[in-house]
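[1] Build me a model:
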Amino acid sequence: VRLVESGGGLAQPGGSLRLSCATSGFSFETNPMSWARQAPGKNVEWVSAISEGGLETYYTDSVKGRFVISRDDAKKILYLQMSRLKVDDTAVYYCVPLPGVRSWDDFDSWGQGTQVTVSS
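    Numbers count the residues shown, from 1 in each chain. As a prediction, this is how the structure comes out:
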């Protein structure tokens with residue numbers, strides 16, 4: 001399993017970023033996918049999930065209405081469109097082939113993540 005996150009960077013509060021996760025080594029199209037994040041000094045937090053096929057999406061309350069998860073099964077890429085960013089969204093973002101995440105132990109092939117920093 002290989003997961004390569006990209007698209008992070010520095011954004012101002014209220015700004016937008018689009019994260020991508022290129023995947024290989026597993027059957028992307030038959031797996032639900034999630035985004036998770038780790039803020040400084042905090043444990044990993046599940047952010048959003050999308051079902052196999054993309055018909056169902058789920059979000060943690062703090063990002064509802066601001067983030068949109070999507071997937072391109074042909075390209076095996078997962079996306080996270082982040083809008084109206086807040087300082088509290090600052091974290092390293094990871095993708096994972098799971099419907100949810102509670103701890104780092106839930107998965108054993110994490111990617112390197114992509115840093116999102118929201119600051120004025």
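[2] Phi and psi next, for the most centrally placed residue in the chain.
    Note on the chain: the residue nearest the mean C-alpha position is residue 35, at 2.6 Å, using Cα atoms, centre = their mean. Dihedral angles of residue 35 (phi, psi; degrees, to the nearest 10) stand at phi -110, psi 140.
[3] Tell me how far it lies from residue 120.
    24 Å (Cβ to Cβ, to the nearest Å). In this view, the C-beta of every residue, glycine as well, is placed from N, C-alpha and C.
[4] try residue 88
    If you go by Cβ to Cβ, the gap between residue 88 and residue 120 works out to 13 Å.
[5] Pick out whichever of these two has more residues nearby.
    Ranked by neighbour count (other Cβ atoms under 10 Å), residue 88 and residue 120 place residue 88 first, with 11 against 8.
[6] Unless I misread the structure, that one falls within a helix.
    Yes - judged by DSSP: H, G, I helix; E, B strand; the rest coil, residue 88 forms part of a helix.
[7] quick one, what contacts it?
    39, 62, 118 (Cβ atoms under 8 Å, 6 or more residues apart in numbering).
[8] And the strands in this protein, which stretches?
    Using DSSP state E, the strands found in the chain span residues 2-6, 9-11, 17-24, 33-38, 44-50, 57-59, 67-72, 77-82, 91-96, 114-118.
[9] For stretch 92-112, buried residues please.
    By 16 or more other Cβ atoms under 10 Å, the buried positions in stretch 92-112 come out as 92, 93, 94, 95, 96, 97, 98, 99, 101, 107, 110, 111.
[10] My error: substitute stretch 58-67 in the last question.
    Across stretch 58-67, burial judged by 16+ other Cβ under 10 Å covers 58, 59, 60, 63, 67.
[11] and the residue nearest to the centre of the chain, bridged to which residues?
    Residue 35 forms beta bridges with residue 48, residue 95, as assigned by DSSP bridges.
[12] if I read this right, it contacts residue 69, doesn't it?
    Yes - contact criterion Cβ atoms under 8 Å: residue 35 and residue 69 qualify, at 6.4 Å.
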